[in-house]
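> This is the structure alone, sequence omitted:
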């Protein structure tokens, strides 16, 4: 695919998945990411884009690039993994991207889980976790049950409070299924993504839907700017912040990492490295349920799918993934312009 003619406007660009991975890697390398780290990170972003999770896909390239360029993320960090207990694996991400650390630790985690029946991977000095469903899906594809916890910069107040303490704190789960793709649960504790409010402000919208956010005084608001300056409504109200607390403990306290209220933004190059933590747990289901695990689970899957309009968690991503494999993905004109404004020479090749 040829690049744009000098002086021509940057338009939406259709790329195959291979082309998109190469494009994203070139962007990251331009901003001082080592080639292998760029390859791994680009693959994760394109996988998110293909699954229809655009907020964690190619749209992250400007913020990732800004963080690498500023040294907030060390693009040349080499993660190290070591076994620290019978069922414990520790990975130091070296203040680099989370994705190389995950790739380093996940095979060791799976090996230890098969050996011990259950294993825990603790990642420290990490950054934005990306799609939490990706590593647990990889475990489930290998026949293991996976569970992941990660924290993020603060945007949610404890229920009844006004100041943000918790992040949107994703939690993900995946299990293998019989003769088909795994079931994947991937959610955050916010009622809606904070990016929806940011997008509304960027569009010039004055209002947002009711029930999304609180203003800085802790009052419900539909004013977009007040919402951006305030906090997000957690899913399930008080139950959402209780879940956020659990995730904060699992991701940050267990790894002696940065709590959400001390974590700098994942959207710009300002501030120090985030140094957040992530925890992934792998379970060998056969140790308890035996060889009948998949057959037994199939009865639950059938009960869900037997209800008109119901579906197993994560099935929508499979449709999006198949479509992207055939049609590719779009690199939007605003994204290309944003990168060009940061100094990236877009040759789109």
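On my side now, so go ahead. In this text, all values refer to a predicted model and were calculated from it rather than measured experimentally.

> can you tell me the average pLDDT over stretch 289-307?
Averaging pLDDT along stretch 289-307 yields 95.

> And for stretch 156-167?
Here the average pLDDT along stretch 156-167 is 93.

> Tell me the buried residues in it?
156, 157, 158, 164, 165, 166, 167 (16 or more other C-beta atoms under 10 Å). C-beta here means a position set from N, CA and C on the backbone, and glycine is covered the same way.

> Not counting its own residues, what contacts that stretch?
Stretch 156-167 is contacted from outside by 151-155, 168-169, 189-190, 214, 216-218, 231-232, 234, 237-238, 240-242, 244-245, 247-248, 260-261, 263, using C-beta atoms under 8 Å, 6 or more residues apart in numbering.

> Kindly report the same for stretch 99-117.
Applying C-beta under 8 Å, 6+ apart, the set of residues contacting stretch 99-117 is 36-37, 40-41, 43-44, 77-81, 83, 86-87, 89, 91-94, 119-121, 123, 126, 130, 134-135, 138-139, 142, 144, 278, 280, 282-284, 287-288.

> One more pass at 7 Å, please.
Residues from elsewhere that reach stretch 99-117 (C-beta atoms under 7 Å, 6 or more residues apart in numbering): 37, 40-41, 44, 79, 81, 83, 86-87, 89, 91, 93, 119, 121, 123, 126, 130, 135, 138-139, 142, 144, 280, 282-284, 287.

> Now the buried members of those.
Here, 16+ other C-beta under 10 Å leaves 37, 40-41, 44, 79, 81, 87, 89, 91, 93, 119, 121, 123, 126, 130, 135, 138-139, 142, 144, 280, 282-284 buried among those.

> Restricted to helices, list the contacts of stretch 156-167.
238, 240, 241, 242, 244, 245, 247, 248 (DSSP state H).

> same question for stretch 178-188, mean pLDDT?
96.

> Stretch 244-256 now?
Mean predicted confidence for stretch 244-256 is 98.

> you'd agree residue 182 is up against residue 141?
Yes. Judged on C-beta atoms under 7 Å, residue 182 makes contact with residue 141 at a distance of 6.0 Å.

> between these two, which one's more packed in?
residue 182 (25 against 13; other C-beta atoms under 10 Å).

> Check for me that the more buried one belongs to a strand.
Yes. Under DSSP: H, G, I helix; E, B strand; the rest coil, residue 182 falls within a strand.

> now residue 186, which residues is it bridged with?
Residue 186 has these beta-bridge partners by DSSP bridges: residue 172.

> what about residue 205, how many neighbours?
Counted with other C-beta under 10 Å, residue 205 comes out at 12.

> quick one, what contacts it?
Applying C-beta under 7 Å, 6+ apart, the residues near residue 205 are residue 224.

> three-state assignment of it?
coil.

> returning to that earlier point: now the ones in helices among the contacts of stretch 156-167: which count as buried?
Buried among the ones in helices among the contacts of stretch 156-167 by 16+ other C-beta under 10 Å: 240, 241, 244, 247, 248.
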